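>>> Any chance you could fold what I've pasted below:
(2 chains)
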There are 2 protein chains.
Amino acid sequence: MINNNIKKIQRKIDTDLANIYNIGPERLVETFNYVMTGKGKRIRPLLTLLTSKSLFGDYKKSYNAALAIEILHNFTLVHDDIMDNDTIRHGKKTVHEKWDTSTAILLGDAMLAKSINILSDSKYSQNLIKSFNKALLSVCEGQALDKEFENKQNINEKDYFEMIEKKTSNLIAMPIEIGALAYDYPLKDAKKLFNFGLFIGKAFQIQDDFLEIMSSPEIMKKSLDSDILLGKQTYPIILCNKKNKNFIRTLIKNNKNTKTIIAEIRKFILENKLNIKIKEKIENLYLEANNCIQTIDFQSNDLLNFVNKIKIRKK
Amino acid sequence: MINNNIKKIQRKIDTDLANIYNIGPERLVETFNYVMTGKGKRIRPLLTLLTSKSLFGDYKKSYNAALAIEILHNFTLVHDDIMDNDTIRHGKKTVHEKWDTSTAILLGDAMLAKSINILSDSKYSQNLIKSFNKALLSVCEGQALDKEFENKQNINEKDYFEMIEKKTSNLIAMPIEIGALAYDYPLKDAKKLFNFGLFIGKAFQIQDDFLEIMSSPEIMKKSLDSDILLGKQTYPIILCNKKNKNFIRTLIKNNKNTKTIIAEIRKFILENKLNIKIKEKIENLYLEANNCIQTIDFQSNDLLNFVNKIKIRKK
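Next up is the predicted model:
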């Protein structure tokens, strides 16, 4: 599937999400549509649809699930943004910033409610529903670990990978698995696709954190500031602290300006060749991902091409 | 079923809820169990189980759903307590008060996640899942209306009943409906039970608000203070404002002390015989509830006796 086709699907998703919740309490409908018309890349629903397309040449059956997944993803963003004090998301003010915390809490709840209603109204199998629900609980647990790890100095790579597997990878793996389960694909093979997703989810996350910290201040995302100040654990940060136990803590103590802190981290990464280690880790995760799907019989390369497109992105 | 048996079921529910989530991120497990071991009356799961018992002489099949419903109910309390700034719930500090807002948001999300996982792990029918999910969305919408109505002076009885039907009654009606659906009861008859629940839910809510405002300060719940100051709409408040458009607004403007405000409201209610009007309304709602279930063939009176027990409560 060429890029134009992906754009076409993205546009269809955008249109359908903009029309999915129009009758309800005024503030809820307004904020729901404010969030769902944000400039998200729709990666998760695309993973669902392209998995279906690659396996079955079609994605009609997984389409509603894909919409539910995108709403679920946005629910996690609305609530995480409150917890992380983020003020900007997809180029717009976050809900708790533009309205207030109560509005954002309630909107998140309603988004989650809407997403599971879409699923139960679409007569999906129990296996598909289970996959969705399990991922949701994982994401909550991952977010809990993420908050627990803030400002803890002794988080090792194992802890970190457990956390992002729950928080990030599950919301990559489940959409792929559901692209298969919507067509009653054998559970055993769906599980292989799920495991593939867990690995690429980790690779995506590390790439994201690495690109963000290494990018120039002009294209750097606003959220990095708050991440640094909150003491968020990312793979680059963990490698820095492994090299020098008190590196980040000392940097934050000695510098008020996050731009200076980030520049120092960047310098430290390059001086210690941590950039090479990070790139190797990412490469290994992609290899492990591919090992999971050796026996999967794809009809087309739509899914793998899309994953590759994300892999080679520069921002 | 005599009172002793109800107490026995309550104890079983308490024990099972205290053991339902023990492996997970530390803070999440701690707060989950803090909330689920609070002194809730377990009304909603009892409604489910007693519906099953009354219709089928047994409640094994609906038991897991009843636990999921109680967790769902507690999720709504945790998030509502943040939005309403409540500091005490079931005699303990609220989660956002004892920990912080982030912890309470995340706990609520995880409770909701846990509840839908219990359902999907229990192989319930699509109709049962649909009933649960629909009620969840209603509750969110009801809470949104409740917040929208705060400090609005022109809320009439129709608006008010729409709000509590969504916010309160759905979480009474759905548990009853699910007590029937867990045994594959015909949808048409389950709907009658649902409508019965909508009416008794409204009666419960009005009774609650009335008892709270008329009770002596010693047994008055802490949350009434915040409700009054937030300008929460309740049936007694709406009747007061109907009698005198600016009654509550003027009271709040002229009095700093909520105890004085509440005493004035109580006096106004008695002087204008609004207490009689409120009691009549409650009685009518119970009559309408009973009309819904004329054709339902109960094997025992367990459900109706329990509803009556709530009806005749004095606090």
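
>>> Residue A:157 contacts residue A:237, correct?
No - counting by CB atoms under 8 Å, residue A:157 stays clear of residue A:237, with 11.4 Å between them. Quick note: C-beta positions are derived from backbone N, CA and C, even for glycine.

>>> which one of those two has more residues nearby?
More neighbours surround residue A:237 than the other of residue A:157 and residue A:237, with 21 against 12 (other CB atoms under 10 Å in any protein chain shown).

>>> The more buried one and chain B, how far apart?
Per CB to the nearest CB, to the nearest Å, residue A:237 is found 20 Å from chain B.

>>> Phi first, then psi, for that residue.
Backbone geometry at residue A:237, expressed as degrees, to the nearest 10, gives phi -60, psi -40.

>>> who in chain A is up against chain B?
Neighbours of chain B within chain A, by CB under 8 Å from any CB of the partner chain: A:24-28, A:79, A:82-83, A:101-103, A:105-106, A:108-110, A:112-114, A:116-117, A:119-121, A:123, A:126, A:129-130, A:133-134, A:136-137, A:139-141, A:143-145, A:147-148.

>>> Output the contacting helices and strands for the helix or strand harbouring residue A:131.
Taking DSSP states H and E as the definition, residue A:131 sits inside helix A:126-149. In this structure, helix A:126-149 packs against helix A:63-83, helix A:101-121, helix A:157-164, helix A:170-181, helix A:187-214, helix B:26-36, helix B:101-121, with contacts taken as 3 or more CB pairs under 8 Å, 6 or more residues apart in numbering or on different chains; DSSP states H and E.

>>> Give the rounded mean pLDDT of the longest one.
Looking at helix A:187-214 alone, the average pLDDT works out to 95.

>>> and the gap between the nearest residue in space to residue A:54 that is not next to it in sequence and chain B?
The shortest distance from residue A:54 to any non-neighbouring residue, by CB to CB, 6 or more residues apart in numbering or on different chains, is to residue A:303 (4.2 Å). Computed as CB to the nearest CB, the residue A:303 to chain B distance reads 26 Å.

>>> the inter-axis angle of the helix or strand hosting residue A:262 versus helix A:187-214?
Secondary structure assignment for residue A:262, by DSSP H and E: helix A:258-271. Angle of helix A:258-271 versus helix A:187-214, following axes from the mean of the first three to the mean of the last three CA atoms, to 10 degrees, is 110 degrees.

>>> Can you name the next helix or strand after helix A:258-271?
Per DSSP H and E, helix A:258-271 leads on to helix A:274-292 as the next helix or strand towards the C-terminus.

>>> Grab the most central residue of chain A for me.
Compute the mean C-alpha point of chain A, and by CA atoms, centre = their mean the closest residue is residue A:168, 5.0 Å away.

>>> so that residue touches residue A:204, yeah?
Yes - Residue A:168 lies in contact with residue A:204 (CB under 8 Å); the separation is 7.1 Å.

>>> anything in contact with each of these two?
Common neighbours of residue A:168 and residue A:204, using CB atoms under 8 Å, 6 or more residues apart in numbering or on different chains, do not exist here.

>>> Counting neighbours, what do you get for the nearest residue to residue A:286 once chain neighbours are set aside?
With sequence-adjacent residues excluded and distances taken as CB to CB, 6+ apart, residue A:286 is closest to residue A:203, at 5.5 Å. If you count neighbours by other CB under 10 Å, residue A:203 ends up with 23.

>>> OK, contacts around residue A:203?
A:282, A:285, A:286, A:289, A:311.

>>> okay, those residues in a markdown table with pLDDT next?
Output for these, formatted as a markdown table (pLDDT from 0 to 100):
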| residue | pLDDT |
| --- | --- |
| A:282 | 96 |
| A:285 | 97 |
| A:286 | 97 |
| A:289 | 98 |
| A:311 | 90 |
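
>>> Now that we have the residues you listed, which of them are buried?
Those of the contacts of residue A:203 that meet the buried threshold are A:282, A:285, A:286, A:289, A:311, by 16 or more other CB atoms under 10 Å in any protein chain shown.

>>> can you pull the pLDDT of the residue nearest to residue A:54?
At residue A:303, pLDDT is 97.

>>> how close does it sit to residue A:48?
10 Å (CB to CB, to the nearest Å).

>>> hey, what's in contact with both of these two?
The contact sets of residue A:303 and residue A:48 overlap at A:176, A:179 (CB under 8 Å, 6+ apart).

>>> residue ranges with poor pLDDT in the stretch 101-250 of chain A?
Residue ranges of the stretch 101-250 of chain A with pLDDT under 70: A:216-223, A:225-226.

>>> just to revisit the earlier point, contact partners for the residue nearest to the centre of chain A?
Residue A:168 neighbours (CB under 8 Å, 6+ apart): A:142, A:201, A:202, A:204, A:205.

>>> Surely the last one is in contact with residue A:164?
Yes - counting by CB under 8 Å, residue A:205 does reach residue A:164; the two are 4.9 Å apart.

>>> re earlier: and for the residue nearest to residue A:54, the neighbour number?
26.

>>> Pretty sure it sits in a helix.
Yes - applying DSSP: H, G, I helix; E, B strand; the rest coil, one finds residue A:303 inside a helix.

>>> So it versus residue A:61, what's the distance?
Distance check for residue A:303 against residue A:61: by CB to CB, it reads 16 Å.

>>> How about residue A:205?
Look at residue A:205 and residue A:61: by CB to CB, they are 29 Å apart.

>>> The two: who's more crowded?
Legend: neighbour count by other CB under 10 Å for residue A:205 and residue A:61, higher for residue A:205 (23 against 17).

>>> For the more buried one, which residues are in contact?
A:164, A:168, A:169, A:235.

>>> so, if you compare these, which one comes nearest to chain B?
Nearest to chain B, judged by CB to the nearest CB, of the contacts of residue A:205 is residue A:164 at 13.7 Å.

>>> Report the distance from stretch A:137-157 to the chain centre.
Taking CA atoms, centre = their mean, to the nearest Å, one finds stretch A:137-157 lying 15 Å from the centre of the chain it belongs to.

>>> Mind listing what's buried along it?
By 16+ other CB under 10 Å, the buried positions in stretch A:137-157 come out as A:137-149, A:155.

>>> go on, stretch A:28-45?
A:28-29, A:31-33, A:35-36, A:38, A:40, A:42-45.

>>> Can you tell me how far residue A:307 is from residue A:175?
12 Å.

>>> Which one's more surrounded, the two?
residue A:175 (32 against 23).

>>> ok, the residue nearest to residue A:54 touching residue A:175?
No - assessed by CB under 8 Å, residue A:303 is found out of contact with residue A:175, at 10.8 Å.

>>> can you list residues touching both of the two?
A:47, A:51.

>>> So which of the contacts of residue A:205 wins on neighbours?
Going by other CB under 10 Å, residue A:169 tops the contacts of residue A:205 with 28 neighbours.

>>> is it true that that one touches residue A:196?
No - using CB under 8 Å, residue A:169 is not in contact with residue A:196, being 10.4 Å away.

>>> Could you find the closest non-adjacent residue to the residue in the stretch 201-315 of chain A that chain B sits nearest to?
Scanning the stretch 201-315 of chain A for the residue nearest chain B gives residue A:230, at 10.7 Å (criterion: CB to the nearest CB). Nearest non-adjacent residue to residue A:230, counting by CB to CB, 6+ apart: residue A:150, 5.3 Å away.

>>> Please apply the same query to residue A:192.
residue A:292 (5.2 Å).

>>> can you check residue A:234 too?
Residue A:234 sits nearest to residue A:209 (CB to CB, 6+ apart), 3.8 Å away.

>>> Residue A:176 versus that neighbour, what's the distance?
Distance, residue A:209 to residue A:176, using CB to CB: 22 Å.

>>> Counting neighbours, go ahead and name the busier of these two.
Taking neighbours as other CB under 10 Å, residue A:209 and residue A:176 compare with residue A:176 leading, 28 against 21.

>>> so the more buried one sits right up against residue A:51, yeah?
Yes - because the distance of 4.9 Å satisfies CB under 8 Å, residue A:176 is recorded as touching residue A:51.

>>> Please consider this matter closed, and thank you.
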